[in-house]
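Undergrad: next one to model:
(one chain, ligands or ions: 1)
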Amino acid sequence: MSDLFVKVCGITTVEQLEWAIELGYDAIGLMRAPRSPRLVDVDTARELIAHADGKIKTFAVGLTLDQVAPLKDQVDTVQLYEPAEVESLALASDTPPSSTQGLDYWFYDASHGTGKFSEIPQWVHDVDARFVLAGGLNPGNVAEVIEQYRPDGIDVSSGVESSPGTKDYALMKSFIEAARGATNN
Ligand SMILES: O=C(O)c1ccccc1N[C@@H]1O[C@H](COP(=O)(O)O)[C@@H](O)[C@H]1O
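TA: All right, here's what the predicted structure looks like:
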């Protein structure tokens, strides 16, 4: 049994949320970055958080704290692309973080939701935090990435979509099966 943390980001509908729960994902991300094809408004995000109801962890994702501020007290974790004074923070970057103090997670992400995979640097192993790999992961490459880098978790968005912003059940299923089937210990 794998204890790998697996998050699917950019959930926009209750149906997609139900898929994530059924398939055994650990967390969903609700995207608040304004130009994202996965942007959800605050009311929709609140509806999805209520529907998650403890069955799956919820992340509010934004580039900056102001983008997620209306949701920060209702989600399990806030995922940002810059440091901020906020509880339950997952900091995402593609450069070594200057501090990991108080972080729940650190995400390596050089893609910002574009689905582009780029070589993951070896310094990710030096970051003193629970580390999650993101950026261009898909059902075809996730097992190799897990086996090569042995992260604490992985995160996917574009790689389980049929078109930008539209999650696909079959791809979500293939992705989590490949991830859970990989050896990460
Ligand atoms: O999803 C987005 O549109 C997005 C916009 C701005 C910053 C991050 C974004 N998404 C996050 O990027 C990573 C990797 O995404 P992908 O799998 O390469 O599409 C993931 O954490 C998304 O949450």
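Undergrad: remind me which residues of this protein are low pLDDT?
TA: Along the chain, the model assigns pLDDT under 70 to residues 1-2, 184-185.
Undergrad: what parts of it come near the ligand?
TA: Within the chain, the positions adjacent to the ligand are 9-10, 29, 31, 33, 36, 38, 61, 109, 111-115, 134-137, 155-159 by Cβ under 6 Å from any ligand atom. Where C-beta positions appear, they are placed from N, C-alpha and C, glycine not excepted.
Undergrad: residue contacts, the residue of the chain found nearest the ligand?
TA: At 2.2 Å from the ligand, residue 113 is the closest residue in the chain, using Cβ to the nearest ligand atom. Residues near residue 113 by Cβ atoms under 8 Å, 6 or more residues apart in numbering: 9-10, 31, 33, 36-38, 157-158.
Undergrad: for those residues, which single residue is the most surrounded?
TA: Using other Cβ atoms under 10 Å as the neighbour test, the contacts of residue 113 are led by residue 157, with 30 neighbours.
Undergrad: what's near enough to touch that one?
TA: Each residue near residue 157 by Cβ under 8 Å, 6+ apart is listed here: 8-10, 29, 38, 113, 115, 134.
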